[in-house]
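> No sequence on hand, only this structure:
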Ligand code: NAD
Ligand code: LMR
């Protein structure tokens, strides 16, 4: 064993530090565009992207930030704070109100910018206000983003907003569009863990089916605790079929009622989780939830953005997990949420 030698140990630390820098310099930066960049979700999200939580601690990033003109002054403040963090991974920061400028060269577009609902509203009540934003942004993404762009919609109603962006982004393949249901997945895992009295890391295979709305179905029938059915740990079937589902469905509204504002830090965290899960291989045997363009799997009609159990393969392909058993209870819940998605699609058919 070597005896401690402060000089040698300092040189070793310096060498490791230098190596880490070398790796950072060698990797090509990934360009991430975030819309709604002066809003409350972005105020958590941007700093975590910049810190490497989303794409890796050795992955440099360029940040391109989009806001509407009245919010540009507030965005200046966010940019000042990003600079004041002196994040080593951040190569460039651009702030603009021009969508083409914002999406120029983007590898990831995270579409947060849109109005949140207030107490008493359903998310789909926002469709008239927010839906049109995604026409122009879809078009600008098609014109200006990188060839390998991936688009991830957080702004509500996120499934149908993603559909609007997809249908207006002519030439961008449909498998590049996603909408966020990871917050619902995280909420569901947390509820199951509390009820079972286990740490939430033991809860896996949690699917959210359908719409990010009060019809979504958090599927406890296929979820696992320690690799076993949830019912081995939670004997209260009425709770699973009733209160568990409604708590997850209504969690966004409960947060609005308590905070007077919609979820922000947990939403940003779920956005980080989603992009990371889509960017890196999924642990063996598990999956994660994200809404994507249906290919007809599980009887969900093609060409709607619906949430599924999804895996990312070792070579980076994103696949819907096939072959899960769907009992009559689950079928009814999935169908109800899909029906709502079809109604939302019909309501915006003139802009698709
Ligand atoms: P916020 O009001 O704090 O911020 C939204 C920002 O978007 C504002 O700064 C606004 O100026 C900007 N904006 C509006 N229109 C824009 C446009 N056309 N281009 C660029 N920027 C634009 O809202 P927030 O709390 O950050 O929430 C944003 C959205 O995310 C809401 O629609 C909310 O309902 C949704 N949300 C979704 C989930 C989910 O799980 N999918 C979770 C939480 C919140
Ligand atoms: C959430 O689930 O917290 C968000 O979609 C915000 C909302 O309107 O509920």
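Looks like it arrived, so ask away. As the structure is a computational prediction, the values presented were derived from the model and not from experiment. Ligands and ions are numbered 1, 2, ... in the order given.
> Now tell me what touches the host helix or strand of residue 272 from outside.
Secondary structure from DSSP states H and E places residue 272 in helix 265-279. Residues outside helix 265-279 that contact it (C-beta atoms under 8 Å, 6 or more residues apart in numbering) are 41-45, 48-49, 53-55, 108, 110, 112, 150, 152, 154, 178, 180, 182-183, 185-186, 255, 288, 290, 310, 312, 316, 318. (C-beta placed from N, C-alpha, C; glycine too.)
> contacts with ligand 2 among those residues, please.
Contacts with ligand 2 within these, counted by C-beta under 6 Å from any ligand atom: 183, 255.
> Write the ChimeraX selection for whichever of the contacts of helix 265-279 are buried.
Buried members of those, defined by 16 or more other C-beta atoms under 10 Å, are picked up in ChimeraX with:
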select :41,42,43,44,45,49,53,54,55,108,110,112,150,152,154,178,180,182,183,185,186,255,288,290,310,312,318
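> Out of the contacts of helix 265-279, which sit inside helices?
Judged by DSSP state H, helices contain the following of the contacts of helix 265-279: 41, 42, 43, 44, 45, 48, 49, 182, 183, 185, 186, 255.
> Output those as CSV; include the columns pLDDT.
Below are those laid out as CSV (pLDDT from 0 to 100):
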residue, pLDDT
41, 98
42, 98
43, 98
44, 98
45, 98
48, 98
49, 98
182, 98
183, 98
185, 99
186, 98
255, 97
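> Confirm residue 135 sits in a strand?
No. Going by DSSP: H, G, I helix; E, B strand; the rest coil, the assignment for residue 135 is helix, not a strand.
> My guess is it contacts residue 164. True?
Yes. Counting by C-beta atoms under 8 Å, residue 135 does reach residue 164; the two are 6.1 Å apart.
> Mind listing what's buried along stretch 240-255?
240, 244, 245, 247, 248, 249, 251, 252, 253, 255.
> between these, which is closest to ligand 2?
Of all the buried residues of stretch 240-255, residue 252 has the smallest distance to ligand 2: 2.1 Å, by C-beta to the nearest ligand atom.
> And the contacts of the helix or strand containing the closest one?
Taking DSSP H and E as the criterion, the element that holds residue 252 is helix 251-259. Residues outside helix 251-259 that contact it (C-beta under 8 Å, 6+ apart): 117, 118, 119, 123, 183, 184, 187, 214, 247, 262, 263, 266.
> Name the residues of the helix holding residue 272 that are buried.
Per 16+ other C-beta under 10 Å, helix 265-279 contains these buried residues: 266-279.
> okay if I get these as CSV plus distance to residue 169 and pLDDT?
Rendered in CSV, the data for those read as follows (distance: C-beta to C-beta, whole Å; pLDDT from 0 to 100):
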residue, distance to residue 169, pLDDT
266, 28, 98
267, 23, 98
268, 24, 98
269, 27, 98
270, 23, 99
271, 20, 99
272, 24, 99
273, 24, 98
274, 19, 99
275, 18, 98
276, 23, 98
277, 22, 98
278, 18, 98
279, 20, 98
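> Please list which of those residues also come close to ligand 1.
Okay, of the buried residues of helix 265-279 touching ligand 1 (C-beta under 6 Å from any ligand atom), that's residue 267.
> which of the buried residues of helix 265-279 sit farthest apart?
Maximum pairwise distance in the buried residues of helix 265-279, criterion C-beta to C-beta, is 20.3 Å, between 266 and 279.
> Now do the strands in this structure.
For the chain, applying DSSP state E gives strands covering 30-35, 61-66, 90-96, 108-111, 150-153, 177-179, 203-204, 207-209, 217-219, 224-225, 228-229, 288-293, 305-312, 318-320.
> Pipe these into a markdown table and attach distance to residue 79 and mean pLDDT per row.
Shown next, in a markdown table, are the strands of the chain (distance: least, C-beta to C-beta, whole Å; pLDDT from 0 to 100):
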| stretch | distance to residue 79 | mean pLDDT |
| --- | --- | --- |
| strand 30-35 | 12 | 98 |
| strand 61-66 | 7 | 98 |
| strand 90-96 | 5 | 98 |
| strand 108-111 | 17 | 99 |
| strand 150-153 | 22 | 98 |
| strand 177-179 | 26 | 98 |
| strand 203-204 | 38 | 98 |
| strand 207-209 | 34 | 99 |
| strand 217-219 | 38 | 99 |
| strand 224-225 | 43 | 98 |
| strand 228-229 | 49 | 98 |
| strand 288-293 | 29 | 98 |
| strand 305-312 | 31 | 98 |
| strand 318-320 | 32 | 98 |
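> How much space separates the nearest residue to residue 351 once chain neighbours are set aside from ligand 1?
Leaving aside its sequence neighbours, residue 351 sits nearest to residue 135 (C-beta to C-beta, 6 or more residues apart in numbering; 5.5 Å). Residue 135 is 10 Å from ligand 1, where distance means C-beta to the nearest ligand atom, to the nearest Å.
> about what we covered before: what's the closest of the ones in helices among the contacts of helix 265-279 to residue 230?
Distances from residue 230 to the ones in helices among the contacts of helix 265-279, taken by C-beta to C-beta, are shortest for residue 185, at 14.1 Å.
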